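Asker: give me a model of this one.
(one chain, ligands or ions: 1)
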Amino acid sequence: METPVIEKSNGKIEVLSDLEAVSLRAASIFVSATKSSIARKKRFAVAISGGSTPRRLYTLLGSEAYRDQVDWRYVHFFWADERCVPKDDEASNFRTAFDPFLSKIALPDKNIHRIKGEEAPDKAAMDYEEEIRRFFGGPERPGFDLIILGMGEDGHTASLFPGSKSLEETVRLAIPVYSEESRRNRITLTLPILNNGDQILFLVAGPSKASVLSEILGDGEKKKRFPAGLVRPVHGNMTWLIDQEAAGKLRGL
Ligand code: 6PG
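Answerer: Reported below is the predicted structural model:
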């Protein structure tokens, strides 16, 4: 069966059967974005997320079928957000990607630009911002080649939560936040740097996401209440890969 694709003002939506199909499609987008960026400029900078949804994608990319398709020497990994925990903690977003993926590929250590969750949140955010600025050099507002995001049931993305002051940030690239929901300090990229990405890929699966997703991808103004609805690339493109359960309340499919 053909994948329904919907073009909206806030991105292209692809509805796939289940999380496995979402992950396979994401892996193929990842590999082709990587190849084309390396061919053009010998570099690919990606910001990835934690949570449960991208785990299968990471396992795929670290598997034999994918890991030899990319010249990892030119690929640089950053994180959209991190929980303030040591890097070997179960909750670490670094670990979520490292164990199934980054530890399995021929990636130079210097290409891993992790957020130091073990440090004091203010310092970790400041150091991370400096690391990003150093890496990109000149531009006032750096832009990643690809950003992989998830969406929480409350419409949060990265560690940008509904109603949080962090949504108003216009200058900083990375800031510390406190999440009431997880009772944890976190570090997150801010909307200005997310929206400056060349390609943004949202991965959303499961029935618990259906209601909020229908608001965010709908035509009403309500989407602005949700941080994921505030992600709108300035010059890049955005694709939502969602499974049928998460798409359950979308109109017009
Ligand atoms: C995190 C994330 C976060 C995540 C969403 C969705 O650190 O938790 O980066 O923004 O993407 O909460 O999480 P799930 O994939 O677990 O539903």
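
Asker: neighbours of Thr239, just the number please.
Answerer: When counting by other Cβ atoms under 10 Å, one arrives at 18 neighbours for Thr239. Using the backbone N, CA and C atoms, a C-beta is placed for each residue, glycine as well.

Asker: from Arg25, how far off is it?
Answerer: Counting by Cβ to Cβ, to the nearest Å, the gap from Thr239 to Arg25 is 9 Å.

Asker: any common contacting residues for the two?
Answerer: Glu14 (Cβ atoms under 8 Å, 6 or more residues apart in numbering).

Asker: what helix or strand is the closest residue to Lys222 other than its chain neighbours on?
Answerer: Leaving out its chain neighbours, the residue that sits closest to Lys222 by Cβ to Cβ, 6 or more residues apart in numbering is Glu215, at 4.6 Å. Assigned by DSSP states H and E, Glu215 belongs to helix 210-216.

Asker: show residues contacting that helix.
Answerer: Contacts of helix 210-216 (Cβ under 8 Å, 6+ apart): 10, 151, 153-155, 204, 222-223, 225-226, 228-229, 242, 245-251.

Asker: any idea of the mean pLDDT in it?
Answerer: Mean pLDDT, helix 210-216: 96.

Asker: just stretch 224-240 next, same as before
Answerer: Computed over stretch 224-240, the mean pLDDT rounds to 96.

Asker: and Ala247, how close does it get to Leu217?
Answerer: Where Leu217 is concerned, Ala247 sits at a distance of 9 Å (Cβ to Cβ).

Asker: likewise for Arg134?
Answerer: In terms of Cβ to Cβ, Arg134 sits 36 Å off from Leu217.

Asker: who has more neighbours out of the two?
Answerer: Taking other Cβ under 10 Å, Arg134 and Leu217 do not tie; Leu217 has more neighbours (25 against 9).

Asker: now do the contacts for the more buried one.
Answerer: So Leu217 contacts 8, 10, 13, 223, 240, 250 (Cβ under 8 Å, 6+ apart).

Asker: now restrict these to buried residues only.
Answerer: With burial judged by 16 or more other Cβ atoms under 10 Å, the buried subset of those is 10, 13, 223, 240, 250.

Asker: surely the third one is in contact with Arg232?
Answerer: Okay, so that is Lys223. No. The criterion here is Cβ atoms under 8 Å, and Lys223 misses it with Arg232 at 9.8 Å.

Asker: mutual contacts of those two, please.
Answerer: Asn10.

Asker: any chance you could map the helices in the stretch 1-150 of the chain?
Answerer: In order along the chain, the stretch 1-150 of the chain carries the following helices (DSSP state H, counting those that start in this stretch): 19-41, 55-61, 64-67, 93-98, 121-136.

Asker: tell me the confidence at the residue nearest to Asn185 when sequence neighbours are not counted?
Answerer: Nearest residue to Asn185, sequence neighbours excluded (Cβ to Cβ, 6+ apart): Cys84, at 4.0 Å. pLDDT for Cys84: 97.

Asker: so what's the residue count around Cys84?
Answerer: Count around Cys84 with other Cβ under 10 Å applied: 25.

Asker: which residues touch it?
Answerer: For Cys84, the contact set (Cβ under 8 Å, 6+ apart) comprises 117-118, 121, 124, 176, 184-187.

Asker: so where's this protein shaky on pLDDT?
Answerer: Within the chain, the stretches with pLDDT under 70 are 1, 139, 252-253.

Asker: sweet, I'm off.
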